[in-house]
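Trainee: Show me the folded form of this:
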Amino acid sequence: MTSVHDCIINFYPESEPKPQTTCGDEIVLHAITAAGNDRYEKSVPFVKLDSLEIPAGFYSTMCTPRPAYLPEGWRQCVNPEGALYYLNEKDALRVVTDVPLTNGDLCDKVDLCIQRIQAEIQTLGLHLTSDCEVYVHTDGSTNSCSYYLIDHDSRTEFWLKDYNSTSLGLPAVASAEHMRYALQEHYWMHVEYFPHRPMNRAREELVDILRQARSDQLTSDNSTFVVDADQCAKYIQLLDVNAGCSTTYMTWITARMWQGVARHRFQNYYGEDNARLSRDQKRLEPVPAQTSRIMDLYSLLMFGMPRNLKLQLETLFVDSTVYTMHWQRFSHAMRHDWRDTSLLSTGLLVADACFLAFSGSSAQKYTGLVSTMLSLASLSSSMTLLQRYSDAQEPSAAIVAEHLAELNHHALGFAPLAALYSLPRALACWAITLLTAHILLRAVDIAEFPAWASIVVIVAIVMLICAAFRRAVPVLGGQRGDDQAVLV
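Mentor: Coordinates of the predicted model:
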C-alpha cells in the first residue's frame, strides 16, 4: 500500500536553497537538432500500479499534495501530449529541458551543462536576445551535454560553433537560403515539444498561408501544397479562433501545422530562382532510365498500358517526393481497375467453360484453353495485387515514398512496376481476344466458309481488337492542365 505526500492547506513551501555546484568546464557540449529529440523512441521504466490511500479533500483547494522540489527559477510544464518539461525564464539565458529535474543528480548535471553553455557564450562574446532559448539534455551517465539554441524572432535553430550540415544530420541544400527552411522546420518542432510561448502572430500568418493553398488546390491539379483543399479548410477552422486565444494547446496546434509548411517550402525551393511552381516540375537532375528491348516488347504485348502507367508513376514521384492525396487517388484508381478486372476475368472463365464444351476442331480447343489460362492468370494477378495494396489508402507520404523508391529500378525506372500493375488487364484483353477467335472459329465451322477466307477474316478481326485495345489506352501529356475557375 502506498501513500500520498503530505497534505498542504493553501500553502506551498519556499524553494529550498540549491547547493553550490562545481564549474562545468569538464562538460563536453554536443550539438544536436530538434529532430534529434528521442521523445517518441526513448525507453522508460515500466509503470508499476498499486492501490493508494486517499486522504480527505485530496486535490481539492484546501488540500493539495506537496509539489516536488525544483531549483529556484524553474517551473514544471506539461506538453498537450502529456510529456513533462521544465522551463527557466528568470535567468538571462532562457533554458528548456525534458530532463527530470526532480532527480537531484540529473538536476546538478543540467546545471553544469548550463554553466558550460554560458561560459561558451561569454568566450565568444555573443549577446543573446530575450527571444533566444537553449535546449539542454543529458542522461547523467557521461560528461556530455546535448544542446541547440532557437531564436523565436527569426524562427530558426542555431549553435555556438560552426558545423557541417551533414554532421548535424541536416539534408543537402541548394543554397544558404534553402537551409533556412530546414532550420525553420526544426524550430517549429521545438515549439511543438515545448509550447510555452504564445504564437498569435504566427497563427494569423498560417491561416493566410492555408487560405492561399486552398485556393491553389481548388484551381489547379498540380499545386505543390502538401494537403488538399478540404484538409486546408479543416486546418483553417482549427486555427481561425479569437485573437486572444493563446493557450499551450493553440501553440502546439500552430507549431505542428507550421512544420508542414516549412517542410513544403524546403522541398519546393521556396524563395529560390528555381522554385518549383508545379508538382510535376523536376528540380533535381534525374538519372536517365535505360531503354530495354524486353520492356519495349512487354509494353507492345500489353497494348501500351505500361507506358501510360510509367508516366503516371513518374508524375507521382518527382524528385523522390510523393503527395499523399495524389497517391491515394492513383491507388484508388488502380485498385478499382484490378477489382473490375477480377470480375471481368471471372466472367471470361464462365464463357470459356461454356464454349469449350462445344468445341469441335483442335484450333477451337487450343484457343479456348489458352483463353481460359489467360483468364485464370488475370484473376490471380489482380487478386494478388488487390491483397498487396489493400491498405494503400492508409500509409503516410513517407511510407509511400519509401515504397516507390524501393520499386524504382536503378536502370529501368518505373517500367517494371508499370508492367506489373498492367498485367491483370493486359491478360484479360488477350483472353477476350482469344475467346473472340474461339467463337469465330466455331462460327466458321458452322457456316462452312472456305479455309483461306476464314483465316483472313479471323486474323483481321483479332488485329482490329488488338488495335482497339491499344488505342483505348490514354497517354498522359506534359501540360500543366490547370482547372481554370471563373469567379463571378
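Trainee: Check A357 and give its pLDDT.
Mentor: A357 carries a pLDDT value of 75.
Trainee: Tell me how many other residues surround it.
Mentor: Using other Cβ atoms under 10 Å, the number of residues around A357 comes to 8. From N, CA and C alone the C-beta is placed, and that goes for glycine too.
Trainee: Could you shift the numbering so residue one becomes 43, and keep it that way?
Mentor: With the count now opening at 43, the last piece we talked about shows up as A399.
Trainee: For V392, see how far away it is.
Mentor: 11 Å (Cβ to Cβ, to the nearest Å).
Trainee: Kindly report the same for Y431.
Mentor: Computed as Cβ to Cβ, the Y431 to V392 distance reads 26 Å.
Trainee: swap in D250?
Mentor: Separation of D250 from V392 (Cβ to Cβ) stands at 59 Å.
Trainee: residue contacts, Q259?
Mentor: S265, F267, V269, D270, A271, C274 (Cβ atoms under 8 Å, 6 or more residues apart in numbering).
Trainee: Check V269 too.
Mentor: Neighbouring residues of V269 by Cβ under 8 Å, 6+ apart: A255, Q259, Y277, G302, T366, M367.
Trainee: ok, now how distant is the second one from A125?
Mentor: What that stands for is Q259. Note on Q259: its distance to A125, by Cβ to Cβ, is 34 Å.
Trainee: quick revisit: between Y431 and V392, tell me which one has more neighbours.
Mentor: When Y431 and V392 are compared for neighbours, Y431 comes out ahead with 16 against 11, by other Cβ under 10 Å.
Trainee: quick one: that one and D379 touch, right?
Mentor: No. The criterion here is Cβ atoms under 8 Å, and Y431 misses it with D379 at 11.3 Å.
Trainee: any idea how far the spatially most central residue of the chain is from Q259?
Mentor: Centroid-nearest residue in the chain: A439, 3.0 Å away (criterion: Cα atoms, centre = their mean). A439 is 16 Å from Q259, where distance means Cβ to Cβ.
Trainee: now stretch 361-374, how far from the chain's geometric center?
Mentor: Offset of stretch 361-374 from its chain centre (Cα atoms, centre = their mean, to the nearest Å): 10 Å.
Trainee: Same check on stretch 206-220?
Mentor: Its chain's C-alpha centre and that of stretch 206-220 lie 20 Å apart, by Cα atoms, centre = their mean.
Trainee: Likewise for stretch 263-276?
Mentor: Relative to its parent chain, stretch 263-276 has a centroid offset of 14 Å by Cα atoms, centre = their mean.
Trainee: and what of stretch 189-208?
Mentor: Chain-centre distance of stretch 189-208: 25 Å, with Cα atoms, centre = their mean.
Trainee: Looking at the contacts of V269, which one is closest to E83?
Mentor: Taking Cβ to Cβ as the measure, E83 sits nearest to G302 out of those, at 21.2 Å.
Trainee: and the host helix or strand of that closest one, which residues are buried?
Mentor: Assigned by DSSP states H and E, G302 falls within helix 290-309. By 16 or more other Cβ atoms under 10 Å, the buried positions in helix 290-309 come out as 290, 292-309.
Trainee: And it, what does it pack against?
Mentor: Under the contact criterion of 3 or more Cβ pairs under 8 Å, 6 or more residues apart in numbering; DSSP states H and E, helix 290-309 touches helix 218-235, helix 242-261, helix 271-281.
Trainee: Between these, which one is closest to L94.
Mentor: Nearest of those (Cβ to Cβ): helix 218-235, 30.6 Å.
Trainee: In the stretch 393-530 of the chain, where is pLDDT below threshold?
Mentor: 401-402, 434-435, 486-530 (pLDDT under 70).
Trainee: Y177 looks like it's in a helix, true?
Mentor: No. Going by DSSP: H, G, I helix; E, B strand; the rest coil, the assignment for Y177 is strand, not a helix.
Trainee: Tell me the bridge partners for it.
Mentor: V138, Y190 (DSSP bridges).
Trainee: wait, it sits on R136?
Mentor: No. Y177 is beyond contact range of R136, at 10.2 Å (criterion: Cβ under 8 Å).
Trainee: Count the residues that sit near the nearest residue to Y312 once chain neighbours are set aside.
Mentor: With sequence-adjacent residues excluded and distances taken as Cβ to Cβ, 6 or more residues apart in numbering, Y312 is closest to Y223, at 6.4 Å. Y223 sits with 24 neighbouring residues when counted by other Cβ under 10 Å.
Trainee: circling back to that earlier point, sort out which one of the contacts of V269 lies nearest T426 for me.
Mentor: Closest approach to T426 among the contacts of V269 (Cβ to Cβ): T366, at 24.4 Å.
Trainee: residues in contact with that closest one?
Mentor: Residues in contact with T366 (Cβ under 8 Å, 6+ apart) are V268, V269, P437, S438, A439, V442.
Trainee: got any ranges where the stretch 143-292 of the chain has weak pLDDT?
Mentor: Along the stretch 143-292 of the chain, segments meeting pLDDT under 70 span 285-286.
Trainee: make it 90
Mentor: Where the stretch 143-292 of the chain drops to pLDDT under 90, the residues are 144-147, 167-172, 181-186, 263, 268-269, 282-289.
Trainee: could you show me where the helices are in the chain, in order?
Mentor: For the chain, the helices defined by DSSP state H occupy 146-166, 218-235, 242-261, 271-281, 290-309, 335-343, 347-358, 366-398, 404-430, 439-449, 457-489, 493-514.
Trainee: With distance to K324 added, can I get the ones you listed in CSV?
Mentor: As requested, these are arranged in CSV below (distance: least, Cβ to Cβ, whole Å):
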stretch, distance to K324
helix 146-166, 42
helix 218-235, 16
helix 242-261, 20
helix 271-281, 25
helix 290-309, 13
helix 335-343, 22
helix 347-358, 9
helix 366-398, 16
helix 404-430, 28
helix 439-449, 15
helix 457-489, 18
helix 493-514, 29
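Trainee: Tell me which of the ones you listed sits nearest to P328.
Mentor: Of all these, it is helix 347-358 that lies closest to P328, at 8.8 Å by Cβ to Cβ.
Trainee: Dump the closest one to PDB, restricted to CA.
Mentor: The C-alpha coordinates for helix 347-358 follow below in PDB (Å, rounded to 0.1, in the frame of the first residue of the first chain):
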ATOM      1  CA  MET A 347      -0.600   0.100 -71.000                       C
ATOM      2  CA  PRO A 348       2.700   0.100 -69.100                       C
ATOM      3  CA  ARG A 349       3.800   3.300 -70.900                       C
ATOM      4  CA  ASN A 350       0.800   5.200 -69.500                       C
ATOM      5  CA  LEU A 351       1.300   3.900 -66.000                       C
ATOM      6  CA  LYS A 352       5.000   4.600 -66.100                       C
ATOM      7  CA  LEU A 353       4.300   8.300 -66.900                       C
ATOM      8  CA  GLN A 354       1.800   8.400 -64.000                       C
ATOM      9  CA  LEU A 355       4.200   7.000 -61.600                       C
ATOM     10  CA  GLU A 356       6.900   9.400 -62.700                       C
ATOM     11  CA  THR A 357       4.500  12.300 -62.200                       C
ATOM     12  CA  LEU A 358       3.700  10.900 -58.700                       C
END
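Trainee: What mean pLDDT does that helix get?
Mentor: 90.
Trainee: now what about that helix, what contacts it?
Mentor: 321-322, 337, 340-341, 364-365, 368-369, 372, 446, 455-457, 459-461, 463-464, 467-468, 515-518.
Trainee: same check, this time on stretch 227-245
Mentor: Contacts for stretch 227-245 (Cβ under 8 Å, 6+ apart): 75-77, 79, 81, 119, 121-122, 125, 127, 129, 138, 140, 177, 190, 192-194, 197-199, 281, 285, 288, 290-294, 296-298, 300-301, 304-305, 308.
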